[in-house]
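Student: Structure of the sequence below:
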Amino acid sequence: MKRLDPMYEVYFKDTPYRHYEVSSDLTKLMEMVEKKGPENARGFLAYLSEIYTRYQVALDHFITRPFRHKKDIYNPFMMQQALKLKTFDSADHMMASFMPDQDLQQMLSFQTLYIGVSPQHGPSLYNIIPMIELLYGVWFIEGGMHTMATAMARLFEELGGKIHYHSKVDEILIHNKKVLGVAVKGKALQGDYVISNADFPYTMTTLVKDASARGKYTPEKIKRMDYSCSCLVFYWGVDKTFDKLAPHTFIIAKDLTDNLNRIFDGRLIEDPSIYLHVPSQVDPSMAPEGKSSFYTLIPVSELETGTYPWTEETIDHYRQRALATLKEIPGLENLKEEISVERIFTPEDFEKNFSAYRGATFGLQPTLRQSNHWRPQAKSLEVAGLYFTGSSTHPGAGVPIVLESGKICAEELRRDEPGDDFQ
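Tutor: Presented below is the predicted three-dimensional model:
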């Protein structure tokens with residue numbers, strides 16, 4: 001793993017673009033915020049102190065533990081811890097209370113989009129995301145995230161597991177409130193325990209056919225729940241290398257409020273914010289010699305919220321806006337002519353290829369009423385032997401947090417397994 005410094009660069013659309021390099025080196029970081037004046041510098045340090053205190057509470061009492069029963073949270077001690085989280089404020093409003101400079105506010109609150117929720121509505125607790133970046137750094141895994149996936153698969157097999165590729169599960173088999181296994185291509189595969197790491201809403205509406213096994217998560221309830229935004233991703237092979245381009249770049253819309261409103265009310269976005277990742281800047285093996293690999297992401301509405309179809313015309317609308325935006329970044333003036341390969345992922349692709357309900361890339365929104373004990377948990381209380389993990393389950397979305405959901409799920413299963421010492 002390689003630590004990146006700067007972690008990323010941020011551009012604000014203006015004439016010309018306003019540019020910042022965001023470092024996790026405290027000296028460089030303070031140099032950036034002190035240019036905004038002492039009030040912003042003091043506010044920045046106060047924000048770090050405040051959110052780090054909340055982070056410790058969340059880590060110790062919420063993120064790393066399940067909520068199997070109501071009594072797990074509705075007790076005097078846990079209610080006292082919950083109050084320490086101060087979750088009733090929004091992410092962007094909290095940032096504004098510490099720093100008057102709007103660029104700093106937006107630079108440090110937009111990361112709630114990493115987990116698919118608007119900073120205007122996401123609980124202020126999610127401002128722990130930029131804090132974690134700032135205090136622990138941003139790291140790149142050689143070979144990209146595929147390296148991590150293949151390494152975990154290898155470990156699973158070394159521990160005795162077997163992976164059946166190209167074997168889509170049609171149904172989780174349940175009888176008399178007990179799991180029996182799964183059905184794949186018309187064949188029943190028996191098992192005393194089933195863990196579904198498919199998107200929880202998809203699991204409940206598609207894989208669990210027995211209505212009584214769904215409990216409160218009926219199709220009607222699943223439909224009423226709040227879902228994260230989706231993404232439009234352009235993978236571009238570029239016939240050029242770049243000396244000074246950052247591995248991670250964010251370009252913030254001129255009117256971020258309008259941009260966010262359109263993402264979450266379904267209207268076509270005229271001025272999208274864009275995230276550009278160029279992994280070949282860190283690991284040259286991610287592209288052929290003399291070329292670069294681009295991952296260009298635009299947050300967009302999930303399918304149910306979106307008011308427009310994903311036609312070639314829609315895709316081209318966003319492609320042209322992405323290219324026009326990136327053209328203003330030094331070195332990318334001729335990007336349109338330098339792209340030789342393109343692959344596209346729309347919300348429909350996320351739904352079709354990854355069973356993401358409504359194409360919502362990050363699953364259920366982590367709103368206050370869909371967090372902690374209100375979020376789907378690892379253990380089914382309706383079906384013995386059935387467990388869940390993934391971004392729509394507790395504790396939520398984002399790679400580190402989803403890994404934590406897997407750990408919680410494993411511990412919940414071990415807790416139930418007869419003869420196991422883990423109780």
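
Student: In the longest helix seen in the chain, which residues are buried?
Tutor: Longest helix of the chain, by residue count under DSSP state H: helix 38-58. Using 16 or more other C-beta atoms under 10 Å as the test for burial, helix 38-58 gives 40-41, 43-44, 47-48, 50-51, 54-55, 57-58. (C-beta placed from N, C-alpha, C; glycine too.)

Student: what's the following helix or strand after it?
Tutor: Heading C-terminal from helix 38-58, the first helix or strand you meet, by DSSP states H and E, is helix 76-85.

Student: so Gln377 sits right up against Gly390, yeah?
Tutor: No - with contact defined as C-beta atoms under 8 Å, Gln377 does not reach Gly390; the gap is 11.9 Å.

Student: hang on, Thr249 is in a helix, isn't it?
Tutor: No - going by DSSP: H, G, I helix; E, B strand; the rest coil, the assignment for Thr249 is strand, not a helix.

Student: For it, which residues are in contact?
Tutor: Contact analysis of Thr249 by C-beta atoms under 8 Å, 6 or more residues apart in numbering lists 8-11, 275-278, 329.

Student: Helices along the stretch 101-250 of the chain, start to end?
Tutor: Along the stretch 101-250 of the chain, the stretches classed as helices by DSSP state H, counting those that start in this stretch are 102-109, 128-136, 145-158, 200-202, 219-224.

Student: which residues are in contact with the fourth one?
Tutor: To tie it back to what came earlier, the one meant is helix 200-202. Helix 200-202 is contacted by residues 217, 222, 225, 227, 355-358, 363-364, 376, 388, 390, 392-393 when judged by C-beta under 8 Å, 6+ apart.

Student: Quick one: residues contacting Val383.
Tutor: Val383 touches 174, 177-179, 213, counting by C-beta under 8 Å, 6+ apart.

Student: could the residues you listed be laid out in JSON lines, adding pLDDT?
Tutor: Listed next are those as JSON lines, based on pLDDT from 0 to 100:
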{"residue": "Ile174", "pLDDT": "97"}
{"residue": "Lys177", "pLDDT": "94"}
{"residue": "Lys178", "pLDDT": "96"}
{"residue": "Val179", "pLDDT": "97"}
{"residue": "Ala213", "pLDDT": "96"}
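
Student: about what we covered before: output the contacts of Thr249 as TSV; include the columns secondary structure, distance to Lys407 and neighbour count.
Tutor: Listed next are these as TSV, based on DSSP: H, G, I helix; E, B strand; the rest coil; distance: C-beta to C-beta, whole Å; neighbours: other C-beta atoms under 10 Å:
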residue	secondary structure	distance to Lys407	neighbour count
Tyr8	strand	28	20
Glu9	strand	33	19
Val10	strand	32	22
Tyr11	strand	37	21
Tyr275	strand	28	19
Leu276	strand	32	25
His277	strand	27	20
Val278	coil	32	22
Ile329	coil	39	21
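
Student: Between the residues you listed, which sits nearest Arg154?
Tutor: Nearest to Arg154 among those is His277, at 24.8 Å by C-beta to C-beta.

Student: Surely the closest one touches Leu245?
Tutor: No - using C-beta under 8 Å, His277 is not in contact with Leu245; the gap is 10.7 Å.

Student: Please put the alpha-carbon coordinates of stretch 98-116 into CSV.
Tutor: Provided in CSV are the C-alpha atoms of stretch 98-116 (Å, rounded to 0.1, in the frame of the first residue of the first chain):
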residue,chain,number,x,y,z
PHE,A,98,-16.9,25.7,12.6
MET,A,99,-15.6,27.5,9.5
PRO,A,100,-17.1,30.5,7.8
ASP,A,101,-15.2,29.9,4.5
GLN,A,102,-17.5,28.1,2.0
ASP,A,103,-14.8,26.4,0.1
LEU,A,104,-13.5,24.7,3.3
GLN,A,105,-17.1,23.8,4.3
GLN,A,106,-17.8,22.1,1.0
MET,A,107,-14.4,20.5,0.7
LEU,A,108,-14.9,18.8,4.1
SER,A,109,-18.6,17.9,3.9
PHE,A,110,-19.1,16.6,0.4
GLN,A,111,-17.5,13.2,1.4
THR,A,112,-20.9,12.1,2.7
LEU,A,113,-21.5,11.3,-1.0
TYR,A,114,-19.0,8.5,-0.5
ILE,A,115,-21.8,6.7,1.3
GLY,A,116,-24.6,8.0,-1.0
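
Student: so which of the contacts of helix 200-202 comes closest to Thr205?
Tutor: Of the contacts of helix 200-202, the one sitting nearest to Thr205 (C-beta to C-beta) turns out to be Ile222, at 5.6 Å.

Student: what about the closest residue to the closest one other than its chain neighbours, neighbour count?
Tutor: Nearest non-adjacent residue to Ile222, counting by C-beta to C-beta, 6 or more residues apart in numbering: Pro201, 4.8 Å away. A total of 24 residues lie near Pro201 under the criterion other C-beta atoms under 10 Å.

Student: how near is Pro201 to Ala360?
Tutor: 8 Å (C-beta to C-beta, to the nearest Å).
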